[in-house]
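> What shape does this take:
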Amino acid sequence: MEVAKNGKTVKIDSPPKRRRLRVGDPDFAPPDGGWGWLIVFACGFSNLSTFPMFQQFGLVFRQKFADLGITNPQTTTVINLNSAFNSCVGLLNGPIYRKFTYRQVAMFGSLLVASSLFISTLCQSFWTYLIFYAMCYGTGIGVTQAANALALNTYFKNRRRIATGLSWSTTALGPIVWPYIITALLEIYGMEGTLLVFSSFALHAFLCSLLLQPVEWHTKFREVENGIPEAKPFLEKEPEGKLTKSSKSRSLLSSQYLYNEDDPHATGYEIIDPGTPMMVKANDGWYSQNRSLAGSRLSLASNKTNKTISRLPSGQNSVTMSKRPSYNNLSKAESKRNSSLNLNQEGKERKRKISQSKAAIQEEEEHHENNTLLAPEYHEKDVLKTAAKKLEEYKQEHDKDEEEEEVKPHEKISFFRKVAIFFDFDLFKDPIYVNLMLGITIANFVEINFSIITPMVLEEFNFGKYQIATFMSLLGATDILVRFFVPFIAEMIGWENKTFFLVGVLSMAFGRIILVHTQTYIFGLVVAVIIGAGKGLRTIFMALVIPTHVPLERLPAASGLQLATSGLLFLIMGPVVGWIRDTVKNYVITLHILNLLTYTTAIAWTIESYISRRKKGKSHANGTKT
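Residues are numbered from 1 along each chain as shown. A predicted model of the protein is given here:
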């Protein structure tokens, strides 16, 4: 800071400015604790408040649907259309979270759940249930669950398994107690009164959403030098080794969002409410400063080698370029060579002159040549100066090209391409992501359909009303125990998240096989334990498979595409389950067909893992030979 004093300018050092780390900063680190533990509780209790009427659909609506004359295909249509809207709303995750925070989205979703359940008490036909229970209630669950999942993944990284396990353990308390509570409430208040009770209980999710504070309020501070803006790299190295520059094009499908041009990684602000921190714009498709056409982090780049900048002169060959921006390379190289006083002095001088003209750099070279005897490591400094010179030449050429590009009219993009960019359909170019996404979708379809029809299956197997409640409560109790302890055990075992998920869904398939071949209450309790354990594994690691493969800034779009695909599957295949039941006249064959879908997921994931390991082994062997 400079002030005038007695006609002279005096420089006064002021303390460095500080700001909290934001999502998108290169050195961003989630809190991994602190307020995050309240986020864990809020997400878990929010799901506990909104899920009961979906999880216990068979207990609540079975008799009412029979009285109204709603058939089995119509019943499965209502169930699966609910799941379809639950999932399809995920397609809007990318656009929604560029406009609103997960806190605002969770508040809206909780109110939609409560209001739709309240209106469902007045429904008296298949079509009214289809609108208010399937569409409205399903959309509310999907919106709330997606907001909770994003908040949890934003607050945690290293402890994400533990946080997810604890959160879903809270949610899993419901299936333990709800069967007994619902059975008692149905006898006292009937279906409409029970639905009204759970409609009011769902409003607890609104209070939980108030706890989902922006992560920027709880991250660490970092210092910013006063008067000197943070370095803004004009090149970004993408995971696949491509160098892409930022694009400031904003058009038809770009969100109403104010960006911070001083810090390209910083969180933006909503224009309507400038005080609300928003999602980083890295997920803004074509309009992102960090645009990548490559899909996810471990995907399209896995078999590509890093590419060098071909426009640089050949003299640059003596300098190895890292994956960091060029300015970071220079500053890091300087810090390693400033061991002596002379070198330290010269390093600072060189750092000041990087942004100057080529003439100044040449003067610096002459100065260093005269002091060669004072610097025994002159060769290294010479390499560094050469890199600085070439970088300056490239930067000037790059800036010149940018000016020329600004004069030229921007290339026209078709409407369909804009839609593809907006929803980040480039993720479908990644075969690993597609395989994981389809596997999760199919396994989830099977598990949800079995969970919904479980009371009907057990009734067909001559289980009593309270025997059904005991079966479901034991299943829920095993589920919550597994959810609580498995995250800690998983840290010791060290398997991949998708391996745990696969073990879970195969355990559930094995339990269903035992159930259809025994059909007795005693064996049913054993099956409840097996299926409950598998369900716990499936639930925890289903939420971790895609976040493990996709970077955080692309997670909303990746999860949204998975949920949208899931919604289409529920919409198309859901009524087929009811049709199969009516055609074969029993649930035994129906459960076997559901198991076949689970085996499809297991086979596809096993083949993908085998191919990936072979490729990794070959690349490692080639690297060893060279």
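> Mind giving me the packing neighbours of the helix or strand harbouring residue 592?
Per DSSP states H and E, residue 592 falls inside helix 588-625. Helix 588-625 is packed against helix 431-460, helix 497-518, helix 555-584, with contacts defined by 3 or more CB pairs under 8 Å, 6 or more residues apart in numbering; DSSP states H and E. Every residue, glycine included, has its C-beta placed from N, CA and C.
> Is it possible to get those out as JSON lines so that each row also shows mean pLDDT and distance to residue 163?
Shown next, in JSON lines, are the helices and strands packed on helix 588-625 (pLDDT from 0 to 100; distance: least, CB to CB, whole Å):
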{"stretch": "helix 431-460", "mean pLDDT": "86", "distance to residue 163": "20"}
{"stretch": "helix 497-518", "mean pLDDT": "90", "distance to residue 163": "14"}
{"stretch": "helix 555-584", "mean pLDDT": "80", "distance to residue 163": "15"}
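> What distance do you get for the closest residue in space to residue 174 that isn't next to it in sequence to residue 167?
Of all residues not flanking residue 174 in the chain, residue 48 sits nearest, at 5.1 Å (CB to CB, 6 or more residues apart in numbering). Distance, residue 48 to residue 167, using CB to CB, to the nearest Å: 10 Å.
> repeat for residue 546
For residue 546, the distance to residue 167 equals 17 Å [CB to CB].
> between those two, who's got more neighbours?
Using other CB atoms under 10 Å as the criterion, residue 546 and residue 167 rank with residue 167 on top: 28 against 23.
> name the element the more buried one belongs to?
Using DSSP H and E, residue 167 falls in helix 160-171.
> can you give me the mean pLDDT across the helix or strand just after that helix?
With elements assigned by DSSP H and E, the helix or strand that comes after helix 160-171 is helix 173-201. For helix 173-201, mean pLDDT is 88.
> for the following helix or strand past helix 173-201, what is the average pLDDT?
Going down the chain from helix 173-201, the next helix or strand is helix 204-209, by DSSP H and E. Averaging pLDDT along helix 204-209 gives 91.
> Ranking helices and strands of this protein by mean pLDDT, which lands last?
strand 243-244 (a mean of 34; mean pLDDT, DSSP states H and E).
> buried sites along stretch 126-138?
126, 129-138 (16 or more other CB atoms under 10 Å).
> Please disregard the earlier target; I meant stretch 469-480.
Within stretch 469-480, the residues scored as buried using 16+ other CB under 10 Å are 469-480.
> Format the residues you listed as a markdown table; extra columns: secondary structure.
Shown next, in a markdown table, are these (DSSP: H, G, I helix; E, B strand; the rest coil):
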| residue | secondary structure |
| --- | --- |
| 469 | helix |
| 470 | helix |
| 471 | helix |
| 472 | helix |
| 473 | helix |
| 474 | helix |
| 475 | helix |
| 476 | helix |
| 477 | helix |
| 478 | helix |
| 479 | helix |
| 480 | helix |
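> Tell me the one among those nearest to residue 154.
Comparing those against residue 154 with CB to CB places residue 480 closest, at 24.8 Å.
> what's the spacing between residue 596 and residue 589?
Counting by CB to CB - residue 596 and residue 589 are separated by 11 Å.
> quick one, which of those two is more surrounded?
residue 589 (14 against 10).
> Could you check what's spatially nearest to that one, not counting adjacent residues?
Nearest non-adjacent residue to residue 589 (CB to CB, 6+ apart): residue 580, at 7.1 Å.
> Ok, residue 543 next?
residue 164 (5.3 Å).
> and the one you found, what pLDDT?
Note for residue 164: predicted pLDDT of 79.
> just checking, it touches residue 547?
No. Applying CB atoms under 8 Å, one finds residue 164 not in contact with residue 547, separated by 9.2 Å.
> neighbour count winner among these two?
Ranked by neighbour count (other CB under 10 Å), residue 164 and residue 547 place residue 164 first, with 27 against 20.
> what's the more buried one in contact with, if anything?
Taking CB atoms under 8 Å, 6 or more residues apart in numbering, we find residue 164 in contact with 152, 156, 487, 540, 543-544.
> Also residue 161?
487, 490-491, 497, 540, 544.
> As CSV, the residues you listed with distance to residue 88 would be great.
Output for the contacts of residue 161, formatted as CSV (distance: CB to CB, whole Å):
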residue, distance to residue 88
487, 30
490, 31
491, 35
497, 25
540, 24
544, 22
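> Buried members of the residues you listed into PyMOL, please.
Selecting only the buried entries of these in PyMOL, with 16+ other CB under 10 Å as the criterion:
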select buried, resi 487+490+497+540+544
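> on that earlier part again, closest to residue 441 among the buried residues of stretch 126-138?
residue 138 (15.9 Å).
> Distance check, that closest one against residue 145.
11 Å.
> where do the contact lists of those two overlap?
residue 86.
> about what we covered before: and the contacts of residue 164, which of them are in strands?
Nothing among the contacts of residue 164 maps onto strands, per DSSP state E.
> got those residues as TSV, with pLDDT columns?
Formatted as TSV, those follow (pLDDT from 0 to 100):
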residue	pLDDT
152	84
156	81
487	77
540	80
543	76
544	82
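> Rebuild those residues as JSON lines, extending it with distance to residue 121.
Output for the contacts of residue 164, formatted as JSON lines (distance: CB to CB, whole Å):
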{"residue": "152", "distance to residue 121": "32"}
{"residue": "156", "distance to residue 121": "38"}
{"residue": "487", "distance to residue 121": "38"}
{"residue": "540", "distance to residue 121": "34"}
{"residue": "543", "distance to residue 121": "32"}
{"residue": "544", "distance to residue 121": "37"}
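> Among the buried residues of stretch 126-138, find me the one that's closest to residue 89.
Among the buried residues of stretch 126-138, and counting by CB to CB, the member closest to residue 89 is residue 138, at 8.0 Å.
> contacting residues for residue 41?
With CB under 8 Å, 6+ apart, residue 41 has these contacts: 167, 170, 211.
> at 7 Å what do you get?
Counting by CB atoms under 7 Å, 6 or more residues apart in numbering, residue 41 touches residue 170.
> So for it, what pLDDT did the model give?
pLDDT, residue 41: 88.
> What about residue 584, how many residues nearby?
13.
> For it, which non-adjacent residue is closest in space?
Using CB to CB, 6+ apart, the nearest residue to residue 584 is residue 590, at 6.8 Å.
> after the helix or strand hosting residue 116 comes which helix or strand?
Residue 116 belongs to helix 102-120 when assigned by DSSP H and E. Per DSSP H and E, the first helix or strand lying C-terminal to helix 102-120 is helix 126-128.
> Counting by contacts, list what that next one packs against.
Contacts defined by 3 or more CB pairs under 7 Å, 6 or more residues apart in numbering; DSSP states H and E place helix 126-128 against no helix or strand at all.
> Contacts for that helix next, please.
The contact list for helix 126-128 (CB under 7 Å, 6+ apart) reads 70, 74.
> I'd assumed residue 580 was in contact with the residue nearest to residue 584.
Yes. Using CB atoms under 7 Å, residue 590 is in contact with residue 580, at 5.2 Å.
> These two: who's more crowded?
Remark: of residue 590 and residue 580, residue 590 carries more neighbours, 22 against 17, as counted by other CB under 10 Å.
> Tell me how far that one lies from residue 516.
9 Å.
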